[in-house]
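Participant: got a sequence here, can you build the structure:
(chains A and B)
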Amino acid sequence: MGKKILLEHDHVPGIQGYEVYRNCGGYASVEKAIKTMSAEAMVEEVKKSGLRGRGGAGFPTGMKWSFLAKPEGVPRYLVCNADESEPGTFKDRYLMSRIPHILVEGMITSSFALGVNTAFIYIRGEYFYIVRILENAIKEAYANGWLGKNILGSGYDLDLYVQVGAGAYICGEETALLESLEGKRGNPRIKPPFPAIAGLYGCPTVVNNVETIASVPYIINNGGDDYAKIGIGRSAGTKLISASGHINKPGVYEIEMGITVEDFIYSEEYCGGIKNGKKLKAVVAGGSSVPVLPADKIINLPSGEKRLMTYESLSEGGFAGGTMLGSGGFIVMDETTSIVENLFTFARFYHHESCGQCSPCREGTSWMEKILHKIMDGHGTLADIDLLWEIQSKIEGNTICPLGDAAAWPVASAIRHFRHEFEAYVTNPNAVNKVRHYENMNA
Amino acid sequence: MAKVTIDGRTIEVPDGTTILQAARMIGPEVAPPTMCYYSKLKTSGGYCRTCLVEVTKGSEKDPRPMPKLVASCRTTVMDGMEVGNNTSPKVTEARKGVVEFLLLNHPLDCPICDQAGECHLQDLSYEHGSSKTRTDFERRTYDKIDIGEKIQLHMTRCVLCYRCVKVANQITDGRVHGVMNRGDHSEISTYVEQAIDNDFSGNMIDVCPVGALTDKTFRFKSRVWFTKPVTAHRNCEKCSGKVNLWYKGEEVLRVTGRKDQWGEVEEFICNTCRFDKKQTSDWTIEGPTVVNRHSVISANHYEVLAKPNEFKLNEVKPLPLKEGEKS
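Facilitator: Predicted coordinates:
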């Protein structure tokens, strides 16, 4: 059994409620932080821990915290990004609905470290039932003196709010999230300035993922060095993986970073192997945006060693031969899966979710979807495959926010690794089942 | 001050200058094209991605190149920065892509579009576009709508540059239009076709880089290159009153703000000047407007003034050029 940090008390009945959570050692980090630690020392601990952003980009959290500008007389904000919308990722949902207090505790501890007096949890609209769970947890925290004025008699004030989004994928991008939180249309801002300088209401802001913030209490309780010992090298700590697809045991697993991908898929502790004894075909390792890899490439590194579940190992081989850990949305596909169909689903999603600000993403995502639809319908040509490749290369890296890249990478990797499948679609139009997912292209 | 080198040409500019501004200071040969940036409008730019450039050297202190192409209109220069614009193959490729994306759903109805001849998208596609389209899908279309008495919005032609939104935000009392919907369904619109009614709404027409917002008093009156621009002014209570009058014969067909070398309005004008003062007697004429010889509009400006048989080459004098303009 690997070490569990976030889901350690997951099995305890009633862990959703304050009393049980407190009895399991909850809120100890707040006590320790406020009574014995300075804000600078806490940021230092987080830096030492090697904790990296769990939302997808994997940026070191301590670094992000130390970039926060601290001008006199200007409020600072901490925003928790609970707008978990990446297809294939559902770890935050599980964590927040099972152990809401761990997030509340993390928010309080992190806010204290950053000198923040107002913090927000921005949660996606589809998680409406979790809003109630979180608000209930926050109410309990207020009632027990963990939030509000003069926490633990230290003179430190903190207010924590939950804000519900309206269900746009783009609002998971941090600047779009801030726009939405301010009550505007959720369009990503043009950077610089970064949120650490001018974020929410133009004030310095830190935006962190739910899992990142939930990891902070452990680091404060046990020290950064202790956390850094878990995992391998620069991939420190544990990671929640949302496993889905053709596996025997889909679900959310907390893994110590550094186990092999093969273990994760086939061991009884985690996914339990491929469903119905089928063969593994491909894996999307970090949510729909990251490159898809065929079975041999995801299990083994180019060097022949086993690939590990770490930031570095998964991205080894660059974009041509690797993928990314991303947000940990682990989608497993067996030999019956059509990569083309799968890609069409992703492309449709990105087309639907593009905000429409910058031209490559706005026009490119819809164009790719239309071409894929054409190929699926049996009307594609070989030139269309090359065109798809061209379009994604013109989108990637040329857009305001990473949504453009996220739309381009799955297309690039699918064509790179499974070109034969696209060719089969266009050369055997009669064999292709007429797909009717999307009857009206212009609706 | 910061020293920046763009396409091999170095200039020293004040700190906080954007790469685009620095390039414009050097000259039009190195200035990246723009569709959405407008120097007179704050926070404009960054959307169209036509002005992407490659930063091959970040600065003197940190010489690493930037990993991605950057929008030159929103990136400030650093001392010692080296930038590739027209000389960078990456930039040329990306720009070709952007033009293709912008034209993907554009109707290309230039023959019946009032903007033709002074359209930035035409210039851009002429310079960076391909002569063929690779799409065989139906283009996106919208119905034309009247937003106010004098302005027509034809969304089909729009490239979503957000300039008209920024005009409404920054120089009028209240914005009643904006971007509706998302992704490639985005459109500029008002709530329930409300009229845009304020004294400066006409400037939306001037800032529109394409033919999406057109002057209803000028629609289909003439191709712009058949009209002659004249610089004129009047005493106006609301605005500077500095305009261009566009004549065809004796008739003033339209009134616009004066545009600079980059196609940007120098000073915004009010609707009274734009729509209601169309008599020569309303204006004090300053003289013919300088037109860039490369513009289509110049077609009628450098014509032979005398009859052919009386024509002597050395007697024809072209109009004086503006500062920084190349003949």
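
Participant: in chain A, which helix is the longest?
Facilitator: helix A:403-427 (DSSP state H).

Participant: any part of that helix near chain B?
Facilitator: No. Judged by Cβ under 8 Å from any Cβ of the partner chain, helix A:403-427 stays clear of chain B, getting no closer than 9.3 Å. Bear in mind the C-beta positions are built from the backbone N, C-alpha and C, glycine included.

Participant: show me what that helix is packed up against.
Facilitator: Counting contacts by 3 or more Cβ pairs under 8 Å, 6 or more residues apart in numbering or on different chains; DSSP states H and E, helix A:403-427 packs against strand A:280-284, strand A:292-294, helix A:318-321, helix A:339-353, helix A:359-376, helix A:382-395.

Participant: at 7 Å what do you get?
Facilitator: When contacts are defined as 3 or more Cβ pairs under 7 Å, 6 or more residues apart in numbering or on different chains; DSSP states H and E, helix A:403-427 sits against strand A:292-294, helix A:339-353, helix A:359-376, helix A:382-395.

Participant: so the second one, near chain B or not?
Facilitator: Yes. Looking at helix A:339-353 against chain B by Cβ under 7 Å from any Cβ of the partner chain, the contacts come from A:His351, A:His352.

Participant: what comes into contact with that helix?
Facilitator: Judged by Cβ atoms under 7 Å, 6 or more residues apart in numbering or on different chains, the contacts made with helix A:339-353 from elsewhere in the structure are A:87, A:168-170, A:282, A:288, A:333, A:365-366, A:368-369, A:372-373, A:375-376, A:403, A:406-407, A:410-411, A:414, A:418, A:421-422, A:425, A:438, B:183.

Participant: what's the answer for stretch B:27-34, then?
Facilitator: Residues lying outside stretch B:27-34 but in contact with it, judged by Cβ under 7 Å, 6+ apart, are B:6-7, B:9, B:20, B:23-24, B:50-51, B:53, B:72-73, B:85-86, B:124, B:127, B:261, B:324.

Participant: minimum distance to chain B, which residue of the stretch 51-200 of chain A gives it?
Facilitator: Per Cβ to the nearest Cβ, A:Ile190 is where the stretch 51-200 of chain A lies closest to chain B, at 4.0 Å.

Participant: what about that residue, how many neighbours?
Facilitator: The burial metric for A:Ile190, expressed as a neighbour count using other Cβ atoms under 10 Å in any protein chain shown, is 19.

Participant: that one contacts A:Cys401, correct?
Facilitator: No. Here A:Ile190 lies out of contact with A:Cys401, judged by Cβ atoms under 7 Å, at a distance of 9.0 Å.

Participant: one step back: OK, contacts around the residue of the stretch 51-200 of chain A closest to chain B?
Facilitator: With Cβ under 7 Å, 6+ apart as the criterion, the residues that contact A:Ile190 are A:Ile400, B:Gly46, B:Arg74.

Participant: now with 8 Å?
Facilitator: When contacts are counted by Cβ atoms under 8 Å, 6 or more residues apart in numbering or on different chains, A:Ile190 touches A:Ile400, B:Gly45, B:Gly46, B:Ala71, B:Arg74.

Participant: buried ones in stretch B:168-178?
Facilitator: Judged by neighbour count (16 or more other Cβ atoms under 10 Å in any protein chain shown), stretch B:168-178 contains these buried residues: B:Ala168, B:Gln170, B:Ile171, B:Thr172, B:Arg175, B:Val176, B:His177, B:Gly178.

Participant: quick one, strands of chain B?
Facilitator: Ranges of strands within chain B are B:2-6, B:9-13, B:52-57, B:70-71, B:81-84, B:145-146, B:151-153, B:177-180, B:187-190, B:213-215, B:228-233, B:242-248, B:251-257, B:284-288, based on DSSP state E.

Participant: excluding covalently adjacent residues, which one is nearest to the residue of the stretch 51-200 of chain B found nearest chain A?
Facilitator: Of the stretch 51-200 of chain B, the residue with the smallest distance to chain A, taken as Cβ to the nearest Cβ, is B:Gly97 at 3.0 Å. With Cβ to Cβ, 6 or more residues apart in numbering or on different chains as the measure, A:Lys394 is the residue that lies nearest to B:Gly97, at 3.0 Å, once sequence neighbours are left out.

Participant: do a quick rundown of the helices in the stretch 51-200 of chain A.
Facilitator: The residue ranges that make up the helices of the stretch 51-200 of chain A, judged by DSSP state H, counting those that start in this stretch, are A:61-67, A:91-98, A:100-114, A:128-143, A:174-181.

Participant: and the closest residue to B:Leu160 other than its chain neighbours, its phi and psi?
Facilitator: For B:Leu160, the nearest residue in space outside its immediate sequence neighbours is B:Ser186; the separation is 5.7 Å by Cβ to Cβ, 6+ apart. Geometry field for B:Ser186 lists phi and psi as phi -60, psi 140, criterion degrees, to the nearest 10.

Participant: mind listing what B:Ser186 touches?
Facilitator: Going by Cβ under 8 Å, 6+ apart, B:Ser186 touches A:Gly356, A:Arg362, B:Leu160, B:Val179, B:Met180.

Participant: if any of those residues are buried, give me the PyMOL selection for them.
Facilitator: Filtering the contacts of B:Ser186 down to the buried ones (16+ other Cβ under 10 Å) takes a single PyMOL command:
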select buried, (chain A and resi 356+362) or (chain B and resi 160+179)
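
Participant: would you turn the contacts of B:Ser186 into a markdown table with distance to B:Asp143?
Facilitator: Shown next, in a markdown table, are the contacts of B:Ser186 (distance: Cβ to Cβ, whole Å):
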| residue | distance to B:Asp143 |
| --- | --- |
| A:Gly356 | 19 |
| A:Arg362 | 20 |
| B:Leu160 | 17 |
| B:Val179 | 17 |
| B:Met180 | 14 |
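
Participant: pull the most distant pair out of the contacts of B:Ser186.
Facilitator: With distance counted by Cβ to Cβ, no two of the contacts of B:Ser186 lie farther apart than A:Arg362 and B:Met180, which are 13.9 Å apart.

Participant: run a quick check on the residue nearest to B:Gly97 versus A:Pro360, I expect a contact.
Facilitator: Yes. The pair A:Lys394 and A:Pro360 qualifies as a contact (Cβ atoms under 8 Å) at a distance of 6.1 Å.

Participant: returning to what we had before: quick one, the longest helix of chain A and strand A:280-284 angle?
Facilitator: Between the axes of helix A:403-427 and strand A:280-284, defined by axes from the mean of the first three to the mean of the last three Cα atoms, to 10 degrees, the angle is 150 degrees.

Participant: mind listing what's buried along helix A:403-427?
Facilitator: Of the residues in helix A:403-427, A:403-418, A:421-422, A:425-426 count as buried by neighbour count, 16+ other Cβ under 10 Å.

Participant: average pLDDT for it, rounded please.
Facilitator: In this model, helix A:403-427 has an average pLDDT of 94.

Participant: before we move on, the earlier item: which of the helices and strands packed on helix A:403-427 sits most buried?
Facilitator: Per-residue neighbour counts averaged over each of these give the maximum for helix A:359-376, namely a mean of 26 (mean count of other Cβ atoms under 10 Å in any protein chain shown).

Participant: circling back to that earlier point, with distance to A:Leu160 and mean pLDDT added, can I get the strands of chain B in CSV?
Facilitator: CSV is the format used below for these (distance: least, Cβ to Cβ, whole Å; pLDDT from 0 to 100):
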stretch, distance to A:Leu160, mean pLDDT
strand B:2-6, 43, 95
strand B:9-13, 45, 95
strand B:52-57, 41, 96
strand B:70-71, 36, 95
strand B:81-84, 43, 96
strand B:145-146, 45, 88
strand B:151-153, 44, 93
strand B:177-180, 32, 89
strand B:187-190, 38, 87
strand B:213-215, 45, 94
strand B:228-233, 59, 93
strand B:242-248, 55, 94
strand B:251-257, 50, 95
strand B:284-288, 63, 91
